[in-house]
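S.K.: got a predicted structure here, sequence first:
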Amino acid sequence: MKTSAGILLFKREKNDLYYFLVHPGGPFWRNKDAGAWSIPKGELLPDEDPLERALIEFKEETGAILAEGAFIPLQPVKQKGGKTVYAWALEGDLETSDLYSNKVSIEWPPKSGKIIEIPEVDQWKWFVSEEAKQKMNPAQTTFIIELEEMLNK
């Protein structure tokens with residue numbers, strides 16, 4: 001079964017919490033919004049350190065290197081397709097105007113034999129808590145709920 005690792009970056013402004021989410025690139029995701037966004041994450045290789053993979057994926061999908069910080073481990077979630085996602089929350093801020101994503105090659109249309117190059121991520125945005133939960137993969141909303149319960153203690 002596939003396993004991914006990612007970072008839930010969050011910041012506080014006034015009395016609100018904001019979450020940094022990414023939108024997958026390519027034609028399949030072009031017109032999808034609610035439920036399509038995600039924490040920056042990527043597939044974990046066997047015997048690989050999950051937090052290290054999460055930081056590598058964050059850089060690949062945003063071009064940004066996260067400084068060392070207090071990484072808060074969150075409970076892994078299982079997405080509808082069966083993939084398990086490990087995540088760490090990190091408080092920090094990130095200016096989105098300078099971000100860029102690495103490119104990946106995919107076959108499009110499927111089974112066509114045509115290979116196109118697409119950005120792994122085509123949008124980055126900060127969302128206030130309730131909006132983030134509507135935009136992101138439904139299984140990942142658990143990360144926000146768990147983090148907010150920890151922060152409210």
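M.R.: Here it is on my side, so go on. Numbering: from 1, shown residues only.

S.K.: do a quick rundown of the strands in the chain.
M.R.: For the chain, the strands defined by DSSP state E cover 3-13, 16-24, 41-43, 72-78, 84-91, 103-107, 115-119, 121-128.

S.K.: of all these, which lies closest to E61?
M.R.: Closest approach to E61 among these (Cβ to Cβ): strand 121-128, 4.5 Å. C-beta coordinates here come from the backbone N, C-alpha and C atoms, glycine included.

S.K.: the closest one - contacts with which helices or strands?
M.R.: Strand 121-128 is packed against strand 16-24, helix 50-62, with contacts defined by 3 or more Cβ pairs under 8 Å, 6 or more residues apart in numbering; DSSP states H and E.

S.K.: grab the most central residue of this protein for me.
M.R.: Residue closest to the average C-alpha location in the chain (Cα atoms, centre = their mean): I39, at 1.7 Å.

S.K.: need the contact list for it.
M.R.: Listed by Cβ atoms under 8 Å, 6 or more residues apart in numbering, the contact set of I39 reads G6, I7, L8, L9, F20, L21, V22, V85, A87, M136, Q140, F143.
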